[in-house]
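In: Have a look at this prediction, sequence included:
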Amino acid sequence: MFKSPFINIHSHRKPSLASEICVRNAYLHKPSKILTRYYFSAGLHPWHVAKQDLKTIAHQLEDITMHPFCMAIGEIGLDHYYPNMPAQIDAFTLQVAFAQAKKLPIIIHEVKSMQGLQKILKNFSEPIILHGYTGHIETWEQLNFNNKTYVSFGKQALHGSKKLIDTIQQIPSNRFFIETDQLNIPISHLYQHISDIRAEPMADLQTQLFQNFNEILPATCSPIALE
Ligand SMILES: [Zn+2]
């Protein structure tokens, strides 16, 4: 019987399991780090907006999204704890418009900026992935205006607050992903943990998240072989 792979929707490393499909993070301002054997997302992180002007960002996006394994724009977003909010808003707005034009999903980094985010995303019609999600289910609902908004659970789920555990239990199975982000542990460890929280067999979770992944995979993306 075909066993679904482990989808790791946001990671800063190579797959560590033979049955893992990773979406690796590529920083737009470090193009030499862009990867060619794995799916990846590319974008200008809100922490790095001071380093680029809008024209350069647009050119870099144009180049990098030609790659057949570029499956999303991200991490992009807004971070309240970082300076330069006007520049963050400009860079985010530009990248969202670009993703819309190319019909690509976006992977979002958000810290205490939900209202600003909502304003910029209100007409966005491609999939939205809120990575490293720790919020209430209601916050996800508010952002799910296009019925294509997903959350992704990472390391915070390992020692989750009551709020996060509730969200993990309540989120519909077709609206979430799992990620290692910067963490150096096997993705299967997080799957096991989340399947325990949801009281749902891990194999079912794998099948569902693989299905979710295929839902959001852009038509322009080439299929990738497992390691
Ligand atoms: Zn990350």
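Out: Arrived safely, thanks for sending.
In: and the nearest residue to S152 once chain neighbours are set aside, what element?
Out: Leaving aside its sequence neighbours, S152 sits nearest to F177 (Cβ to Cβ, 6 or more residues apart in numbering; 4.1 Å). C-beta here means a position set from N, CA and C on the backbone, and glycine is covered the same way. Element membership of F177, judged by DSSP states H and E, is strand 176-178.
In: hmm, back to that, verify the contact between the residue nearest to S152 and I129 for me.
Out: Yes - under the criterion of Cβ atoms under 8 Å, F177 makes contact with I129 at 6.5 Å.
In: The two: which has the busier surroundings?
Out: Set F177 next to I129 and count neighbours by other Cβ atoms under 10 Å: I129 wins out with 26 against 23.
In: do you know how far P68 is from F177?
Out: Taking Cβ to Cβ, to the nearest Å as the measure, P68 falls 21 Å from F177.
In: close enough to count as contact, C221 and Y39?
Out: Yes - between C221 and Y39 there is a contact at 7.2 Å, judged by Cβ under 8 Å.
In: anything in contact with each of those two?
Out: Common contact partners of C221 and Y39 (Cβ atoms under 8 Å, 6 or more residues apart in numbering): F69, C70, M71.
In: Give me the three-state assignment for S125.
Out: Assigned by DSSP: H, G, I helix; E, B strand; the rest coil, the conformation of S125 is coil.
In: Quick check: phi and psi on T207?
Out: For T207, the backbone dihedrals are phi -60, psi -50 (criterion: degrees, to the nearest 10).
In: and it, what does it touch?
Out: T207 sits next to S4 when contact means Cβ under 8 Å, 6+ apart.
In: Now do the same for stretch 116-136: mean pLDDT, whole number.
Out: Stretch 116-136 comes out with an average pLDDT of 96.
In: Can you give me the buried ones in that stretch?
Out: By neighbour count with 16 or more other Cβ atoms under 10 Å, stretch 116-136 contains the buried residues 116-117, 120-121, 124, 126-135.
In: List the contacts of stretch 98-105.
Out: Contacts of stretch 98-105 (Cβ under 8 Å, 6+ apart): 58, 61, 65, 70-74, 106, 123-129, 216, 218-220.
In: I meant to write stretch 90-97 there.
Out: Identification of contacts with stretch 90-97 by Cβ under 8 Å, 6+ apart yields 43-44, 46, 49, 52, 54, 57-58, 61, 73, 76-78, 106, 120-121, 124.
In: can you check stretch 174-188 too?
Out: Contacts of stretch 174-188 (Cβ under 8 Å, 6+ apart): 6-13, 16-17, 20, 22, 129, 131-132, 140, 144, 149-155, 190-191, 194, 202, 208-209, 211-213, 215.
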